[in-house]
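Asker: Model the structure of this input:
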Amino acid sequence: MAALTWGWPDYVPWAVKPNHLPRGTWERVLRNMGLGLTIEQSVYRIEMHGVEVLERRAGNHVERTYRTPVGEVSEVVRINLPSEAGERGGSWKVKGLIDRPEDYDVLLYIIDHMVVKPDYEDFHVIDEELGVDGVVLTNVGYSPFMKLLVEYMGFRKLVVELNRRPGKVEEVLQALHRKTLEACRIVADSPARLVLVGDNIDENLVNPRFFEKYCLPYYREYTRILHSKGKVVGSHMDGRLRNLAELIAESGFDFIHGFTPPPTGNLSIRDARRLWDRDIAIWVNIPETLFYEEPEVIERSVRSFLRESAPGDGFMLGITETVPPRRRRIGYETVMRTVLKHGRLPVKL
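Answerer: Have a look, this model is predicted:
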């Protein structure tokens, strides 16, 4: 937590999600060396009233149909995908809910009949059990635009619909916004202090024009609500951000989660520091591609990340992508040794 609130930890923190760290002796060794855990736990649940959900399985696909009094819509999910030793989920949505103009009314009915309810107990338990071994955070969920893009339409369909039926798209965005505001208020009253708002941002999917129109106003409203209850608020932005960096500075976020440096991303840690100053902390995603390299290349890259972060406050290291299982051990050990050798604050490289 200190790293994301501009405190002064002994070392630049290095932490991973539980599914990136299989249980056993090797895990114990790394955690005893200082590797932390980041656990995401929801503090609300969503119930759907007046909606019947039907599933039909055919081979490696599941068709899920949502039946309502105003019609029905369906989505298709590909299942049984390789999980890479638990690194990733085993399913992927291949068809969203919006196919026809009449689908909008059904989707609006579904959204309007969602009931958001607080659910704090599991967070309390996990937070107490984890203690000082890491941080437990929660997530408001995707912002409305990204929910449409990721869950309901897909990129191509959303762009087409913004041109063909902008009024309908806007109507759905506002319905989603109302539900997100409900979730924000529940999260604001929750025991969680660290909060994410989505959002898987990449400038090639969400260009500056889209970001300014469909993301910024929503981010500002959500962060105002969450800040009013003392939350530290960030967003998962793991893509290319160079052309969005100045707009991100206006978002109200306290940190960017999943920040991916070059060559996978296109905004350096140094440039992000210069643009965001002490307004936005950086939670780096060590790129997946780096783990395919030899240890000396991994060490050189991590040293570069630390050097660009100097003096090291407002900065931490993590992983938000898939780590190749056969490269996990050597990669983690190399990162851990590099942090212990060069990551003590103030960083001097």
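Asker: buried residues in stretch 169-179?
Answerer: 169, 171-173, 175-177, 179 (16 or more other C-beta atoms under 10 Å). C-beta: built from backbone N, CA, C; applies to glycine.
Asker: Without its sequence neighbours, what residue ends up closest to residue 338?
Answerer: residue 302 (4.4 Å; C-beta to C-beta, 6 or more residues apart in numbering).
Asker: how about the helices of the protein, start to end?
Answerer: 25-33, 103-112, 121-130, 144-147, 155-164, 166-188, 208-210, 216-227, 245-248, 269-276, 295-309, 325-342 (DSSP state H).
Asker: Pull the fifth one out as PDB, backbone CA atoms only.
Answerer: Extracted as PDB, the C-alpha positions of helix 155-164 are listed here (Å, rounded to 0.1, in the frame of the first residue of the first chain):
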ATOM      1  CA  PHE A 155     -14.400  -3.800 -30.700                       C
ATOM      2  CA  ARG A 156     -15.600  -4.100 -34.300                       C
ATOM      3  CA  LYS A 157     -19.300  -4.300 -33.500                       C
ATOM      4  CA  LEU A 158     -19.100  -1.300 -31.100                       C
ATOM      5  CA  VAL A 159     -17.400   0.900 -33.700                       C
ATOM      6  CA  VAL A 160     -20.000  -0.100 -36.300                       C
ATOM      7  CA  GLU A 161     -22.900   0.600 -33.900                       C
ATOM      8  CA  LEU A 162     -21.400   4.000 -32.800                       C
ATOM      9  CA  ASN A 163     -21.800   5.000 -36.400                       C
ATOM     10  CA  ARG A 164     -25.200   3.300 -37.200                       C
END
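Asker: Run through who's touching that helix.
Answerer: Identification of contacts with helix 155-164 by C-beta atoms under 8 Å, 6 or more residues apart in numbering yields 96, 98, 148-149, 153, 168-169, 205.
Asker: Could you list the buried residues of that helix?
Answerer: By neighbour count on 16+ other C-beta under 10 Å, the buried set for helix 155-164 is 157-158, 161-162.
Asker: Which single one of these is nearest to residue 242?
Answerer: Within these, the smallest distance to residue 242 is 22.8 Å, found for residue 158 (C-beta to C-beta).
Asker: any idea how far the closest residue to residue 189 other than its chain neighbours lies from residue 45?
Answerer: Leaving out its chain neighbours, the residue that sits closest to residue 189 by C-beta to C-beta, 6+ apart is residue 229, at 6.6 Å. Residue 229 is 20 Å from residue 45, where distance means C-beta to C-beta, to the nearest Å.
Asker: So which of the two has more stuff around it?
Answerer: residue 229 (14 against 11; other C-beta atoms under 10 Å).
Asker: surely that one meets residue 192?
Answerer: No. With contact defined as C-beta atoms under 8 Å, residue 229 does not reach residue 192; the gap is 10.0 Å.
Asker: related to what we said a few turns ago, return the most buried member of the helices of the chain.
Answerer: The highest mean neighbour count among the helices of the chain, using mean count of other C-beta atoms under 10 Å, belongs to helix 144-147: a mean of 23.
Asker: That helix packs against which elements?
Answerer: helix 166-188, strand 194-199 (3 or more C-beta pairs under 8 Å, 6 or more residues apart in numbering; DSSP states H and E).
Asker: could you dump the ones you listed to CSV with distance to residue 24?
Answerer: CSV is the format used below for these (distance: least, C-beta to C-beta, whole Å):
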stretch, distance to residue 24
helix 166-188, 34
strand 194-199, 27
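Asker: for those, which one sits closest to residue 276?
Answerer: Among the helices and strands packed on helix 144-147, the nearest to residue 276 by C-beta to C-beta is strand 194-199 (16.7 Å).
Asker: Could you check the angle that closest one makes with helix 166-188?
Answerer: Put simply, strand 194-199 runs at 170 degrees to helix 166-188, going by axes from the mean of the first three to the mean of the last three C-alpha atoms, to 10 degrees.
Asker: Of the contacts of helix 155-164 - the most surrounded one?
Answerer: residue 148 (26 neighbours).
Asker: Please list all residues in contact with that one.
Answerer: Applying C-beta under 8 Å, 6+ apart, the residues near residue 148 are 158, 169, 172-173, 176.
Asker: just residue 335 next, same as before
Answerer: 14, 286, 298, 302, 317.
Asker: Find me the pLDDT at it, would you?
Answerer: At residue 335, the pLDDT value in this model is 98.
Asker: Please convert the contacts of residue 335 to a markdown table, extending it with distance to residue 7.
Answerer: A markdown table is the format used below for these (distance: C-beta to C-beta, whole Å):
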| residue | distance to residue 7 |
| --- | --- |
| 14 | 16 |
| 286 | 22 |
| 298 | 27 |
| 302 | 21 |
| 317 | 16 |
